[in-house]
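> When you get a sec, could you give me coordinates for this:
(one chain, ligands or ions: 1)
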Amino acid sequence: MRTPIIAGNWKMNNTIKEALELIEEIKSYELNKDVEAIVCVPFTCLSDVKKSLENTEIKLGAQNIHWEENGAFTGEISPKMLNEMGVDYVIIGHSERRQYFNETDETVNKKIKSSLNHGLKPIVCVGETLDERESGIENDIVKKQINKAFEGIEEKDLDNIVIAYEPIWAIGTGKTASASDANNMLGFIRETIGQKYGEKKDHIRIQYGGSVKPSNIKELMDKEEIDGALVGGASLVAKDFVDLINF
Ligand SMILES: O=C[C@H](O)COP(=O)(O)O
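You can find the predicted model right below:
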């Protein structure tokens, strides 16, 4: 039995003041304790949000990481620094990082290993572009991303890794993959994991991401392979985020 997992990715939104207001509003609602809820906030908000989440079950996430512990990497944040701030999860390889900041399958792999070595749980993002889907090569693309991401990752680490499948054409566009398309791709990802790790594939949690909203969460979560959602826009509205957690 895999625990459902709903993660909000705030992206580059919310000042500290706005972040604290949003968290306070989320905390004013009753949340389903059987669902793991995470807020992945900008680096600048981590410390304040951490304090505000005390005495709640909501976990804290970051949106990126560098793989080195320290050094001459201007503008970067290390796993040691995130660990010190009490961060639980870190998003790795989000398509926006791959598209705008030269994130590659190689750096994704390094970041996953480094996160795990520092007690941080990676949320590993994969997904194809619209062109790739229309060319019918989405499975090849996602398989390559998965295989590269998991190079050198040990079976014992699978329980601490989450995969998020986000078709790039569905992010922030209002277009969602149909629940059955998403389910099929997540099943394919699980099979790909199974080729390397055997039955352990049934342990890893896989989320769908891309225009997830209160109106479509139930249909997605009803699917066998979908263990949760990585949510952008709807996670910025307290009631919507709560409705997703309480699907
Ligand atoms: O990380 C979240 C995804 O990019 C989805 O964003 P969205 O829910 O705004 O489409």
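
> Tell me the pLDDT of the residue nearest in space to the middle of the chain.
Nearest residue to the geometric centre of the chain (C-alpha atoms, centre = their mean): Ile123, 4.0 Å. The predicted structure scores Ile123 at 98 on the pLDDT scale.

> For it, give me phi and psi.
phi -110, psi 100 (degrees, to the nearest 10).

> again with Ile193
According to degrees, to the nearest 10, Ile193 has phi -60, psi -40.

> Sticking with the residue lying closest to Leu186 once chain neighbours are set aside, tell me its helix or strand.
Ranked by C-beta to C-beta, 6 or more residues apart in numbering and with sequence neighbours excluded, the top spatial neighbour of Leu186 is Glu225, at 3.8 Å. To be clear about C-beta, it is placed using only N, CA and C from the backbone, and glycine gets the same treatment. Per DSSP states H and E, Glu225 falls between elements, in no helix or strand.

> tell me the contacts of the residue in the chain that the ligand sits nearest to?
Going by C-beta to the nearest ligand atom, the ligand is nearest to Gly232 of the chain, at 2.4 Å. Applying C-beta atoms under 8 Å, 6 or more residues apart in numbering, we find Gly232 in contact with 8-9, 11, 171-172, 209.

> make it 10 Å
8-11, 13, 40, 94, 96, 166, 171-172, 209-212 (C-beta atoms under 10 Å, 6 or more residues apart in numbering).

> And for Lys111?
64-67, 79, 90-93, 97, 103, 120, 122, 124, 149.

> go with 7 Å
The neighbourhood of Lys111, defined by C-beta atoms under 7 Å, 6 or more residues apart in numbering, consists of 65, 67, 92.

> re the thing from before, quick one: which of the contacts of Gly232 sit in strands?
8-9, 40, 209 (DSSP state E).

> Check which residues of the helix or strand of the chain with the lowest mean pLDDT are buried.
When each helix and strand of the chain is scored by mean pLDDT, DSSP states H and E, helix 130-134 comes last, with a mean of 92. Across helix 130-134, burial judged by 16 or more other C-beta atoms under 10 Å covers 132-133.
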